[in-house]
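Student: here you go, sequence then predicted model.
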Amino acid sequence: QVQLVESGGGLVQAGGSLRLSCVASGSIFSINAMGWYRQAPGRERELVAVISTGGSTNYADSVKGRFTISRDNANNKVWLQMNSLKPEDTALYYCSAHGLDIVAGINRRLIDDFWGQGTLVAVSS
């Protein structure tokens, strides 16, 4: 069974920082891209940041210059360093993995997209 487990969410004052962590576990052969999405109440899930195996990154305009995504390919871990947090950053943050190559019995299987359960980030003004 493949799992994505996030940690590091919490309540912080505006201007503060948080660091989210995510680890993918299970019979994983490789993961193409890993990332973070978020969903605020009443809004659709949106991309926050994504990082490829080679280290290429893409950020939402709203977090550029404040958030930094990083990754440990060998251990299937991804982090999101969030600085200068704003109340509008309040959301449930989901870790994502894309293009997972996993072992399924005696076969290999490719999963396009896989999601964690989410960790809550709340920023007070």
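Tutor: Thanks, I have it.
Student: need phi/psi at the residue of the chain positioned farthest from its centre.
Tutor: Taking Cα atoms, centre = their mean as the measure, the residue most remote from the mean C-alpha position of the chain is Ile106, 29.5 Å away. The phi and psi values for Ile106, taken as degrees, to the nearest 10, are phi -100, psi 0.
Student: could you do the one 10 residues further on as well?
Tutor: In terms of degrees, to the nearest 10, the main-chain angles of Gly116 are phi -80, psi -180.
Student: that one and Val2 touch, don't they?
Tutor: No. Proximity of Gly116 to Val2 does not meet the contact threshold set by Cβ atoms under 8 Å, at 10.6 Å. The way it works is simple: take the backbone N, C-alpha and C, and place the C-beta from them, glycine included.
Student: so how far is Val123 from the residue farthest from the centre of the chain?
Tutor: Using Cβ to Cβ, to the nearest Å, we find Ile106 at a distance of 47 Å from Val123.
Student: what of Leu47?
Tutor: In this view, Leu47 and Val123 are 19 Å apart by Cβ to Cβ.
Student: likewise Ser52?
Tutor: Ser52 sits 28 Å away from Val123, taking Cβ to Cβ as the criterion.
Student: likewise for Ser25?
Tutor: For Ser25 relative to Val123 (Cβ to Cβ), the value is 29 Å.
Student: neighbour count: these two, which is higher?
Tutor: Using other Cβ atoms under 10 Å, the more surrounded residue of Ser25 and Val123 is Val123, with 20 against 12.
Student: SS state for the more buried one?
Tutor: Going by DSSP: H, G, I helix; E, B strand; the rest coil, the secondary structure assigned to Val123 is strand.
Student: just checking, it touches Ala14?
Tutor: Yes. With contacts counted by Cβ under 8 Å, Val123 reaches Ala14, the gap being 5.7 Å.
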